[in-house]
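Asker: Sharing a sequence plus its predicted fold:
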Amino acid sequence: MTWPARPRTLNRNLTCLLAGRVLRSVSQAYLVIIVPLFLVALGYNAVDMGIMFAISAIASAILAALTGFLSDRFGRKSLLILLSLMAAIGGAVFALSTGFVTLTVAAAFGSIGRGGGAGSSGAFGPYYPAEQALVAEQALDANRTSVFGLLSFAGVIGGALGSLAAQIPHLLRDYRGLPMLESYRALFAATVAIGIAMALVTVPIREAHRFDDLVSKARRSGSKNPRTRRAKAPGGLFGLSRPTWRLVSRFMITNLTNGLAIGMLGPFMVYWLYRRYGADAADIGRLFFAINLVAAIPYLMAGRIAARLGSVRAVVICRAISTVLLALMVTAPTFAIAGVLYAVRMVFNTISIPVRQSFLMGVIKPAERSSAAGLSSFPSQVGSSISPFLAGYFMQHLSLELPVEFAAALQGINAILYYVFFRDVRPPEEASEISAIRSM
């Protein structure tokens, strides 16, 4: 196995960010399994779930865009703390309530039941824009992808533990005699503690000054740093310069197709496995645990793969292979075969996650990274808010497999668009290598 290049230093900031990602991945991993089954136990159907997850995705899209916009101006750390506390409040509401409207509001503003699918490493939701920019501050261009791979590796290990935790309700029922609804609520109560812990581990992070303060200080001191000399305080629409907008608009289009696919899958993959094969939370939890362990290794290899193939080619190839495997999965006759296909699919899909994150951060100016991350992910969040309702309707009234097939087609389109839009765009580390080769 090829290990990633060592980050510049595993300093306190990175350590805290790693801890926060692990905690978030643990809670997201078990919530994405138990929330749909909790709703079924309360008597809600696929259409009800579609409505809840659609509203939740709309709120998450707005929160992600606001997080990106506000983080570049008021600090990324503060936004991460706030979002962590919101997740704790959402968990408390799920632990205490059964009303559909109340649960929907809690899911929306606490990001309850979103993200956390097998191999996702917690890289989803409104946390993403602030966390991504903070991580990019800790890495040189040459090892930025490896740092993101390390973060994703930590997250997927947390996801594996969270998937195992999804079996706790069954253990409480079998060995303590608790009704399943009460057993589910025990994990919602754990979500409260995890949300508070996420906020606490974020507190020690020392964030760089806001960019306008940094530029002002550099100008007063006559800084010779070329990046700082050329820097300007954020301006333009939503604080993004025109060159950045040209890139962000392309990311927005590709992320829309990805978001539509995610909304077709997400918690509905759990529901699909439950309906198609009769799998329960314990079965799915064990499957997701295994997938998380298998998917952890590619995260460590992401930096090397991107360096060898190039960021864009790595993303496109891995996404194309994962698309084919997802399409094949709907034909699987047994839960075991479907699980194997899904696991192999996630191996290829996970490689592209840190590569895409690093690529975005590499081609965007440091001062605009959070805003760019928030705005570029906004269509993904919007797309994932539309498709859950469609997925629920398709499953309830048309075909159980139709949402999975739609998701495969959309991710195939995503791979094509990514290649068309970014095949000639190079992050700094790749551009410098090309320049060095040409100068030889």
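Answerer: Thanks, I have the structure now.

Asker: Please enumerate the strands of this structure.
Answerer: Per DSSP state E, the chain carries no strands over any range.

Asker: Output the lowest mean pLDDT helix or strand found in it.
Answerer: helix 226-230 (a mean of 40; mean pLDDT, DSSP states H and E).

Asker: From residue 75, how far out is the closest residue to residue 27 other than its chain neighbours?
Answerer: Distance criterion CB to CB, 6 or more residues apart in numbering; nearest residue to residue 27, sequence neighbours excluded, is residue 194 at 4.5 Å. (Glycine included, C-beta is placed from N, CA and C.) Residue 194 is 23 Å from residue 75, where distance means CB to CB, to the nearest Å.

Asker: swap in residue 51?
Answerer: Residue 51 is 35 Å from residue 75, by CB to CB.

Asker: again with residue 57
Answerer: Relative to residue 75, residue 57 is positioned 26 Å away (criterion: CB to CB).

Asker: of these two, who's got more company?
Answerer: Shown here are residue 57 and residue 75; by other CB atoms under 10 Å, residue 57 has more neighbours (29 against 19).

Asker: can you tell me which residues contact the closest residue to residue 326 other than its chain neighbours?
Answerer: Leaving aside its sequence neighbours, residue 326 sits nearest to residue 408 (CB to CB, 6+ apart; 4.3 Å). Contacts for residue 408 (CB atoms under 8 Å, 6 or more residues apart in numbering) come out as 261, 323-324, 326-327.

Asker: which among these end up buried?
Answerer: 261, 323, 326-327 (16 or more other CB atoms under 10 Å).

Asker: And those, which is closest to residue 293?
Answerer: residue 326 (20.0 Å; CB to CB).

Asker: any idea how far the nearest residue to residue 427 once chain neighbours are set aside is from residue 148?
Answerer: Leaving aside its chain neighbours, residue 427 sits nearest to residue 362 (3.0 Å; criterion: CB to CB, 6+ apart). Here residue 362 is placed at a distance of 10 Å from residue 148 (CB to CB).

Asker: Give me the more crowded residue out of these two.
Answerer: Remark: of residue 362 and residue 148, residue 148 carries more neighbours, 30 against 21, as counted by other CB under 10 Å.

Asker: my guess is that one contacts residue 360, does it?
Answerer: No. Residue 148 lies out of contact with residue 360 (CB atoms under 8 Å); the separation is 10.0 Å.

Asker: Can I get stretch 53-67 in CSV? Just the C-alpha atoms.
Answerer: Below are the C-alpha coordinates for stretch 53-67, written out as CSV (Å, rounded to 0.1, in the frame of the first residue of the first chain):
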residue,chain,number,x,y,z
PHE,A,53,-35.3,14.9,3.2
ALA,A,54,-36.2,17.3,0.4
ILE,A,55,-36.9,20.1,3.0
SER,A,56,-33.8,19.1,4.9
ALA,A,57,-31.7,19.4,1.8
ILE,A,58,-33.1,22.8,0.9
ALA,A,59,-32.1,24.0,4.4
SER,A,60,-28.7,22.4,4.1
ALA,A,61,-28.1,24.2,0.8
ILE,A,62,-29.0,27.6,2.3
LEU,A,63,-26.8,26.9,5.4
ALA,A,64,-23.9,25.7,3.2
ALA,A,65,-24.0,28.9,1.1
LEU,A,66,-24.3,31.1,4.1
THR,A,67,-21.5,29.2,5.8
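
Asker: list the buried ones in it?
Answerer: Neighbour count says stretch 53-67 has 53-65, 67 buried, by 16+ other CB under 10 Å.

Asker: chain center to it: distance?
Answerer: 13 Å (CA atoms, centre = their mean, to the nearest Å).

Asker: Stretch 273-282 too?
Answerer: With CA atoms, centre = their mean, you get 24 Å for stretch 273-282.

Asker: Likewise for stretch 186-206?
Answerer: Counting by CA atoms, centre = their mean, stretch 186-206 comes out at 18 Å from the chain centroid.

Asker: Kindly report the same for stretch 288-301.
Answerer: The answer for stretch 288-301 is 15 Å, by CA atoms, centre = their mean.

Asker: and if you look at stretch 377-394?
Answerer: Relative to the centre of its chain, stretch 377-394 is centred 15 Å away, using CA atoms, centre = their mean.

Asker: And the contacts of it?
Answerer: Under CB under 8 Å, 6+ apart, the answer for stretch 377-394 is 45-58, 60-62, 64-65, 68, 128-129, 252-253, 255-264, 266-268, 402-403, 406.

Asker: again, but for stretch 45-61
Answerer: Contacts to stretch 45-61, defined as CB under 8 Å, 6+ apart, come from residues 36, 39, 44, 100, 103-104, 107-109, 111-114, 125-126, 263, 266-268, 271, 377-378, 380-382, 384-393, 395-396.

Asker: Could you check how far the closest residue to residue 134 other than its chain neighbours is from residue 321?
Answerer: Among residues not flanking residue 134 along the chain, residue 76 sits closest, at 5.0 Å (CB to CB, 6+ apart). With distances taken as CB to CB, residue 76 is found 34 Å from residue 321.

Asker: between these two, which one's more packed in?
Answerer: residue 76 (28 against 18).

Asker: Tell me who's in contact with the more buried one.
Answerer: If you count contacts by CB under 8 Å, 6+ apart, then residue 76 has 130-131, 133-134, 207, 370 around it.

Asker: Residue ranges in the stretch 101-250 of the chain under the pLDDT threshold?
Answerer: Residues of the stretch 101-250 of the chain meeting the criterion pLDDT under 70: 113-125, 128, 138-145, 208-240.

Asker: where exactly do the helices run in it?
Answerer: 128-137, 144-165, 168-176, 180-202, 211-221, 226-230, 242-264 (DSSP state H, counting those that start in this stretch).

Asker: Would you format the ones you listed as CSV with distance to residue 95 included?
Answerer: Compiled in CSV, the helices of the stretch 101-250 of the chain are given as follows (distance: least, CB to CB, whole Å):
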stretch, distance to residue 95
helix 128-137, 26
helix 144-165, 15
helix 168-176, 13
helix 180-202, 4
helix 211-221, 40
helix 226-230, 48
helix 242-264, 26
